[in-house]
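J.: Okay, here's the prediction I keep looking at, along with the sequence it came from:
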Amino acid sequence: MPLSSLRESGQCELYANHVYFFMTYGGHRIRCGITDLALEILEPSIDQTARGRLAVFDAHRPFIERMASTKFDNKMWERDGITILVRDADVKIHAEYGH
């Protein structure tokens with residue numbers, strides 16, 4: 001069963017070079033994220049500021065959330081066991097087919 005969007009604002013964590021956001025599954029909040037490299041594939045001219053990263057995240061949010069949901073369905077958790085992270089390789093695979 002796919003994750004559902006909470007429509008909460010994304011959070012830019014510059015030390016990790018990711019934008020994190022939450023989705024929900026069965027009443028549980030699931031921590032998700034997307035790497036800066038993945039954002040750069042979506043918007044090659046990305047403004048490398050927190051505001052710029054969040055703008056790209058917001059512009060592509062439906063696609064990013066679908067990617068996170070697919071990874072969740074396939075149990076593709078990060079090593080921490082609490083995060084679903086969309087990476088550049090994930091975006092490259094799907095970019096070939098359009099999003």
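T.: Sure, I can see it.
J.: Apart from its chain neighbours, what residue comes closest to His18?
T.: The spatial neighbour of His18 that comes closest, neighbours along the chain excluded (CB to CB, 6 or more residues apart in numbering), is Gly33 at 4.4 Å. No exception for glycine: its C-beta is placed from N, CA and C like everyone else's.
J.: Give me the buried positions along the helix or strand harbouring that neighbour.
T.: Here Gly33, judged by DSSP states H and E, is contained in strand 28-35. Residues 30-35 are the ones in strand 28-35 that count as buried (16 or more other CB atoms under 10 Å).
J.: Could you do stretch 72-83 as well?
T.: Result for stretch 72-83 [16+ other CB under 10 Å]: buried residues Phe72.
J.: for the chain, what helix or strand is lowest in average pLDDT?
T.: Of all helical and strand segments in the chain, the minimum by mean pLDDT, DSSP states H and E falls on helix 88-95, at a mean of 86.
J.: quick one, what contacts the residue most central in space within the chain?
T.: In the chain, the residue lying closest to the centroid (CA atoms, centre = their mean) is Ile34, at 3.4 Å. Applying CB atoms under 8 Å, 6 or more residues apart in numbering, we find Ile34 in contact with 18-19, 57, 64, 67-68, 85-87.
J.: Need the max-distance pair from those.
T.: Maximum pairwise distance among those (CB to CB): 14.4 Å, between Phe57 and Arg87.
J.: More neighbours: these two, which one.
T.: Phe57 (24 against 18; other CB atoms under 10 Å).
J.: Now do the helix or strand hosting the more buried one against strand 28-35, angle only.
T.: Assessed by DSSP H and E, Phe57 sits inside helix 50-59. Compare the direction of helix 50-59 with that of strand 28-35 by axes from the mean of the first three to the mean of the last three CA atoms, to 10 degrees and you get 120 degrees.
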